[in-house]
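>>> Structural data only, the sequence is not supplied:
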């Protein structure tokens with residue numbers, strides 16, 4: 001009897017793992033809420049993309065509702081997202097970019113080609129700030145309130161259809 005139980009144990013473990021893995025396939029990772037929602041934006045001190053001698057820190061985000069967009073030149077969906085970010089900027093939304101795991105030259109070429117809706121671009125070549133934000137793929141966008149609290153996160157690129165939803169979130173926190 002014990003021998004039969006020992007033979008069935010690996011099968012039961014395999015079936016249990018298979019169930020959880022199968023269940024995970026149906027989950028949408030972009031629907032996960034950020035662990036940083038309702039938390040203060042992480043502390044940082046980094047240079048800007050345009051000017052290596054200009055350093056900015058988290059105080060940049062205080063006093064004004066800001067969309068912080070994490071993007072990279074090597075990201076194809078970031079190129080698709082740029083028209084929507086330009087639209088948001090035209091509608092009066094303050095945007096701050098985080099150029100993630102890129103080079104200055106490539107990041108600047110990207111902005112020259114696709115437009116620059118950002119008031120400031122933070123240069124994050126090693127991805128340290130992205131790591132602190134829990135970024136697992138670009139683009140990702142965070143809405144930060146006037147006290148530097150993260151209030152909303154949009155995972156993936158902002159589609160033309162998402163612009164109104166993002167505007168509602170911005171207006172909600174003004």
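Cool, got the structure. Quick caveat: nothing in here was measured; it's all calculated off a predicted structure. Numbers count the residues shown, from 1 in each chain.
>>> and the residue nearest the centre of the chain, bridged to which residues?
In the chain, the centroid-proximal residue (Cα atoms, centre = their mean) is residue 140; its distance is 2.3 Å. Beta-bridge pairing of residue 140, defined through DSSP bridges, involves residue 70, residue 155.
>>> Roughly how far does it sit from residue 36?
With the distance defined as Cβ to Cβ, to the nearest Å, residue 140 ends up 11 Å from residue 36. C-beta coordinates here come from the backbone N, C-alpha and C atoms, glycine included.
>>> so what's the closest residue to residue 157 other than its chain neighbours up against?
The shortest distance from residue 157 to any residue that is not its chain neighbour, by Cβ to Cβ, 6 or more residues apart in numbering, is 3.8 Å, and that residue is residue 81. Under the criterion of Cβ atoms under 8 Å, 6 or more residues apart in numbering, the contact list for residue 81 reads 69, 71, 139, 157-159.
>>> Which of those sits closest to residue 132?
Proximity of the contacts of residue 81 to residue 132 was ranked by Cβ to Cβ; the top entry is residue 69 with 15.8 Å.
>>> Any idea how many residues pack against the closest residue to that closest one other than its chain neighbours?
Counting by Cβ to Cβ, 6+ apart, the nearest residue to residue 69 once its immediate chain neighbours are dropped is residue 141, at 4.8 Å. Residues within reach of residue 141, counting by other Cβ atoms under 10 Å, total 27.
>>> circling back to that earlier point, what's near enough to touch the residue nearest to the centre of the chain?
Going by Cβ under 8 Å, 6+ apart, residue 140 touches 69-70, 133, 153-156.
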